[in-house]
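S.K.: give me coordinates for this.
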Amino acid sequence: MDIEFHYYVTYLTATRAGFKPKDANVLAYSSQYVDNNDILFEINKDSKELYYENYISQTLDITKPQKDLLRIYPFFHFIPGEDSNYSEKINKDEMPPLNTIPDNLNANKMIDKALAGNNLYEIGIACHAYLDTWSHQNFVGMENDYNGLDHILPNIGHADAGHDPDIPDRVWDDSRLKNATVNNKERFLVAIGRLFEKLFKYKNDNDKLSKLPSEKQELIADIDEIIEEGSVKEERIGLYKELALKDEYGGQEIEDYDEYYWFNEAIKEDYPEKYDIDVKLTINLKHIFFGDYTWDDPENYNDTHWFKFQEAVKFHQNKMEGILSSNLEIVSTEKW
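M.R.: Numbering: from 1, shown residues only. Modelled structure (predicted):
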């Protein structure tokens with residue numbers, strides 16, 4: 001999925017489930033920022049007391065994944081499952097051990113633990129990975145011929161499929177499936193319904209659970225209508241913003257997503273700008289030529305959204321190492 005579902009629809013799902021708009025914004029921003037957190041920074045590297053190094057949760061271009069950062073994909077984007085029955089939908093003779101399966105047991109453990117921890121940043125990260133089990137289903141978060149769709153890009157994740165699996169209104173062909181036609185809207189609406197169930201149960205007492213089915217169906221109907229009406233991303237985002245103004249979705253404007261906001265709030269130096277050069281390689285020129293970064297408020301940096309998100313990324317990675325320990329034992333990679 002892309003920013004439409006990871007930010008805007010996740011926000012709407014959270015507010016409909018009972019989160020206050022301010023908290024829903026932190027949750028949704030964390031969810032989307034998983035895809036934008038793609039640079040390793042060293043903050044105050046000349047200070048022992050203030051030095052900080054973050055983890056990344058995505059590579060610079062998801063269609064050009066980096067082989068030496070493979071840990072990112074099964075932990076944040078391609079959570080593997082263990083349902084052998086799911087291989088019946090695949091033309092391949094054998095399903096690999098780290099295949100992404102929608103709503104799988106590992107993904108449920110992940111998001112349930114995040115909710116139990118009551119940390120909005122961790123919940124947002126988990127929401128991202130949980131939703132991606134639908135959009136990234138049948139792909140493996142490492143290099144594997146199983147991912148191949150007869151294109152020239154490396155067989156890591158859905159690189160060979162490009163952005164097709166992530167766009168809400170896209171209908172595309174996955175030649176590996178017995179039923180090759182994939183309707184993303186159908187997948188995405190199921191995903192958002194399941195996420196709503198998780199968030200609604202988290203925010204509401206048992207006496208309100210009788211409302212869950214009807215609330216869920218109304219959410220799905222609203223998002224379905226927007227995907228049908230909006231022919232392009234920009235139009236759909238405008239409709240998501242209109243929906244947010246309704247009382248049942250918090251009654252407030254959704255803040256425009258700015259991938260640099262949390263960083264620039266915490267760090268004195270601006271976030272390095274991204275440029276696409278002719279070979280279509282995304283690079284960060286400022287990061288190459290200007291690599292000194294310092295806290296804007298050294299005494300309170302640990303209260304910033306960026307720091308709290310980065311700590312949540314580290315916590316999530318450690319948690320996933322435990323959840324996926326049995327899966328990872330049966331594969332090996334030198335670049336982990």
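S.K.: can you give me the strands for the stretch 101-250 of the chain?
M.R.: With strands called from DSSP state E, counting those that start in this stretch, the stretch 101-250 of the chain shows them at 171-173, 181-183.
S.K.: and the last one, which strands flank it?
M.R.: Right, strand 181-183. Sheet pairing for strand 181-183, assigned by DSSP bridges, gives strand 171-173 (antiparallel).
S.K.: what residues of the strand it pairs with count as buried?
M.R.: Trp172 (16 or more other Cβ atoms under 10 Å). For glycine as for every other residue, the C-beta is placed from the backbone atoms N, C-alpha and C.
S.K.: what is the rounded mean pLDDT of it?
M.R.: Per-residue pLDDT over strand 171-173 has a mean of 92.
S.K.: what residues does that strand touch?
M.R.: Taking Cβ atoms under 8 Å, 6 or more residues apart in numbering as the criterion, the residues outside strand 171-173 that touch it are Ala161, Asp164, Pro165, Ala180, Thr181, Val182, Asn183, Asn184.
S.K.: and that strand, how far from the chain's centre?
M.R.: 21 Å (Cα atoms, centre = their mean, to the nearest Å).
S.K.: where does pLDDT dip in the stretch 201-336 of the chain?
M.R.: Along the stretch 201-336 of the chain, the model assigns pLDDT under 70 to residues 273-290, 330-336.
S.K.: centre-most residue in the chain?
M.R.: Centroid-nearest residue in the chain: His128, 3.0 Å away (criterion: Cα atoms, centre = their mean).
S.K.: gap between that one and Gly238?
M.R.: Per Cβ to Cβ, to the nearest Å, His128 is found 23 Å from Gly238.
S.K.: now swap in Tyr121 and tell me
M.R.: 28 Å.
S.K.: higher neighbour count, the two?
M.R.: Per other Cβ atoms under 10 Å, whichever of Tyr121 and Gly238 has more neighbours is Tyr121, with 25 against 13.
S.K.: which ones are touching the residue nearest to the more buried one when sequence neighbours are not counted?
M.R.: Excluding the flanking residues, the one nearest Tyr121 by Cβ to Cβ, 6 or more residues apart in numbering is Ala312, at 3.7 Å. By Cβ under 8 Å, 6+ apart, Ala312 lies in contact with Ser30, Asn119, Tyr121, Glu122, Gly124, Ile125.
S.K.: and whichever strand or helix holds Ala312, how far out from the chain's middle?
M.R.: Applying DSSP states H and E as the criterion places Ala312 in helix 305-323. The chain centroid and the centroid of helix 305-323 are separated by 13 Å under Cα atoms, centre = their mean.
S.K.: ok so, going back, can you flag the buried ones in the contacts of strand 171-173?
M.R.: So, by 16+ other Cβ under 10 Å, the buried ones in the contacts of strand 171-173 are Ala161, Asp164, Pro165, Val182, Asn184.
S.K.: quick one: the third one and Thr133 touch, right?
M.R.: No - using Cβ atoms under 8 Å as the test, Pro165 is too far from Thr133 to be in contact (11.5 Å).
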